[in-house]
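>>> have a look at this prediction, sequence included:
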Amino acid sequence: MATVIVSLKIMPSSPDEDLDSIKSAAAKIIAEFGGTVGKTELEPIAFGLKAIVFMFAMAESIGDTEGLEAKIASIHGVNSVQVTDVRRAVG
């Protein structure tokens with residue numbers, strides 16, 4: 001089976017949420033799911049609100065990410081979680 005690269009966008013509930021704690025909790029959940037985090041970015045949205053974008057690799061055999069999204073959505077301060085891109089890794 002191949003490796004896939006997943007982009008995941010996490011929207012906090014408000015601009016006042018602690019993004020560092022959300023980031024560390026989400027990274028732990030991704031690692032438990034079987035993913036390897038490669039890159040994390042903050043994406044400005046509006047009015048001081050910033051989304052956290054994770055790019056991570058996982059085995060294609062793991063299947064879909066619905067369980068992962070549900071666990072991350074349950075983190076305190078998270079409003080929504082969305083997979084924005086999934087691609088097979090080359091090489």
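The structure has been received and is ready for your questions. Numbering: from 1, shown residues only.

>>> isn't residue 49 right up against residue 15?
Yes: if you go by C-beta atoms under 8 Å, residue 49 and residue 15 touch, sitting 4.8 Å apart. In short, each C-beta sits where N, CA and C put it, glycine included.

>>> which of the residues in the host helix or strand of residue 72 are buried?
Using DSSP states H and E, residue 72 maps to helix 66-73. Buried residues in helix 66-73, counted by 16 or more other C-beta atoms under 10 Å: 68-69, 71-72.

>>> quick check: longest helix of this protein.
helix 19-33 (DSSP state H).

>>> count of residues packed around the closest residue to residue 7 other than its chain neighbours?
The shortest distance from residue 7 to any non-neighbouring residue, by C-beta to C-beta, 6 or more residues apart in numbering, is to residue 85 (4.0 Å). Residue 85 has 12 neighbours, counted by other C-beta atoms under 10 Å.

>>> cool, and residue 87?
Using other C-beta under 10 Å: residue 87 sits among 10 other residues.

>>> what does the one 3 residues further on give?
Other residues near residue 90 number 7, with proximity taken as other C-beta under 10 Å.

>>> pLDDT score for it?
The model reports residue 90 with a pLDDT of 77.

>>> cool, and residue 1?
pLDDT, residue 1: 72.

>>> state the distance from the closest residue to it other than its chain neighbours to residue 34.
In space, and not counting its chain neighbours, residue 1 is closest to residue 61: 4.3 Å by C-beta to C-beta, 6+ apart. Residue 61 is 9 Å from residue 34, where distance means C-beta to C-beta, to the nearest Å.

>>> ok, now residue 60?
Per C-beta to C-beta, residue 60 is found 11 Å from residue 34.

>>> look at residue 61 and residue 34 and report which has more neighbours.
Neighbours per residue (other C-beta under 10 Å) separate residue 61 from residue 34, with residue 34 holding more: 13 against 10.

>>> any regions of the protein where pLDDT drops low?
91 (pLDDT under 70).
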